[in-house]
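> This is a predicted model, with the sequence first.
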Amino acid sequence: ILQTPFTSDNKLDTKSLAAQVRFCDKAGAHGVVWPQLASEYADLSLEERMAGMEVVAQAGASSKCEVVLGVQGADLA
């Protein structure tokens, strides 16, 4: 489970998020998953979740890691 990095102004840090995927790949991880409840999921806006998923998917496409994108929510709506 990837950690969600934030900038100093409390926005999703997409560069650091992509760097985590690359780090996990170089370290030999078989896969990564993001976002999850342990990834500060509740603190992200829908736009940040979607942007982060794009970043993780793109970074994962050039790695050996399998990528799982989390789609849970606080309620059924």
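Perfect, I can see it now. Residues are numbered from 1 along each chain as shown.
> May I have the residues that are in contact with the residue positioned nearest the centre of the chain?
Residue closest to the average C-alpha location in the chain (CA atoms, centre = their mean): Trp34, at 3.8 Å. Residues near Trp34 by CB atoms under 8 Å, 6 or more residues apart in numbering: 1-2, 4, 17, 52-53, 56, 68-70. Yep, even glycine has a C-beta here, placed from its N, CA and C like the rest.
> from what I can see Ser16 touches Thr4, true?
No: counting by CB atoms under 8 Å, Ser16 does not reach Thr4; the two are 9.2 Å apart.
> Next up, the contacts around Ser52.
Heads up, residue 52 is Gly, not Ser. Residues near Gly52 by CB under 8 Å, 6+ apart: 4, 12, 14, 17, 34-35, 44.
> Where do the helices of the chain begin and end?
14-26, 46-61 (DSSP state H).
> out of those, nearest to Asp75?
Between Asp75 and these, the shortest gap by CB to CB is with helix 46-61, which sits at 13.8 Å.
> Convert the closest one to PDB, retaining C-alpha atoms only.
Provided in PDB are the C-alpha atoms of helix 46-61 (Å, rounded to 0.1, in the frame of the first residue of the first chain):
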ATOM      1  CA  LEU A  46     -12.300  13.000  -5.900                       C
ATOM      2  CA  GLU A  47     -10.100  15.000  -8.300                       C
ATOM      3  CA  GLU A  48      -7.000  14.100  -6.300                       C
ATOM      4  CA  ARG A  49      -8.000  10.400  -6.200                       C
ATOM      5  CA  MET A  50      -8.400  10.400 -10.000                       C
ATOM      6  CA  ALA A  51      -5.200  12.300 -10.600                       C
ATOM      7  CA  GLY A  52      -3.300  10.000  -8.300                       C
ATOM      8  CA  MET A  53      -4.700   6.900 -10.000                       C
ATOM      9  CA  GLU A  54      -3.500   8.300 -13.300                       C
ATOM     10  CA  VAL A  55       0.000   8.900 -11.900                       C
ATOM     11  CA  VAL A  56       0.200   5.400 -10.300                       C
ATOM     12  CA  ALA A  57      -1.000   3.700 -13.400                       C
ATOM     13  CA  GLN A  58       1.400   5.500 -15.700                       C
ATOM     14  CA  ALA A  59       4.400   4.900 -13.300                       C
ATOM     15  CA  GLY A  60       3.400   1.300 -13.000                       C
ATOM     16  CA  ALA A  61       3.100   0.800 -16.800                       C
END
